[in-house]
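Undergrad: need a structure here:
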Amino acid sequence: MVSISLDFSLFIQLANFVFLILALNHFLYRPIRQILAERRALFDRLRDKASKAKAELENGEAEKTRLNAESLRQALNLKNEITAKSQAEEKTLLAEAHEQAGRQLSDGRAKLQQSVSAARAALTQETKSIAREIAEKILGRKI
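TA: Residues are numbered from 1 along each chain as shown. Sure, this is the predicted structure:
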C-alpha cells in the first residue's frame with residue numbers, strides 16, 4: 001500500500017507552488033489580462049467611432065440627396081423662367097418681324113403701284129403716239 005508521509009518537502013513544494021502561482025499571476029496573467037482589457041476597450045472605442053462615422057455617413061448621404069433634390073428643383077425653376085422669358089422674347093421678335101414684313105410688303109406694294117402707274121402713264125403716252133402715227137399713215141396726212 002501507498003503511504004503518505006507529511007514531511008517538510010511537501011510544505012516546500014506547496015510553498016513553491018503557491019509562490020509560482022502568485023509570481024505567474026503578478027508577472028504574466030495580470031499584464032495579459034490588462035492588455036486584453038485595453039484591447040477590448042480600444043475595440044469598443046473603435047466600434048463606437050465606426051458607428052458614429054456610419055451615422056455621419058448616412059446623414060451626409062441624406063443631406064446629399066436632399067441637396068441634389070433642392071438643386072434639381074432650383075434648376076427646373078430656372079429653366080422654366082428662362083424658357084418663359086425666351087418665349088416672351090420670341091413672341092416679341094416674331095411680332096416685330098411680322099410688323100417689319102408687313103411694312104416691307106406695303107412699301108413694296110406702294111412701289112409696285114407707282115411702277116404700274118408710271119408704266120401705265122408711259123404706255124398711255126406711247127399708245128397715243130403710236131395711234132397718231134398709225135392714223136397719219138392710214139390717212140396719209142398729219143394730224
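Undergrad: From residue 39, how far out is residue 111?
TA: 102 Å (Cβ to Cβ, to the nearest Å). Heads up, the C-betas are built off the backbone N, CA and C, glycines and all.
Undergrad: got it, and residue 131?
TA: Taking Cβ to Cβ, one finds residue 131 at 130 Å from residue 39.
Undergrad: And residue 121, by the same measure?
TA: Applying Cβ to Cβ to residue 121 and residue 39 gives a distance of 117 Å.
Undergrad: what do you get for residue 12?
TA: From residue 12 to residue 39 the distance is 39 Å (Cβ to Cβ).
Undergrad: Compute the mean per-residue pLDDT across whatever helix or strand residue 123 lives in, please.
TA: Element membership of residue 123 [criterion: DSSP states H and E] is helix 30-139. Computed over helix 30-139, the mean pLDDT rounds to 94.
Undergrad: can you tell me how far residue 110 sits from residue 123?
TA: According to Cβ to Cβ, residue 110 and residue 123 sit 20 Å apart.
Undergrad: Residue 59 now?
TA: In this view, residue 59 and residue 123 are 92 Å apart by Cβ to Cβ.
Undergrad: got it, and residue 42?
TA: 114 Å.
Undergrad: Enumerate every residue touching the residue most central in space within the chain.
TA: Nearest residue to the geometric centre of the chain (Cα atoms, centre = their mean): residue 72, 6.6 Å. Contact analysis of residue 72 by Cβ atoms under 8 Å, 6 or more residues apart in numbering lists nothing.
Undergrad: quick one: it from residue 118, how far?
TA: 67 Å.
Undergrad: what do you get for residue 48?
TA: Per Cβ to Cβ, residue 48 is found 102 Å from residue 118.
Undergrad: what do you get for residue 124?
TA: When distance is defined by Cβ to Cβ, residue 124 is 11 Å away from residue 118.
Undergrad: what's the answer for residue 130, then?
TA: 18 Å.
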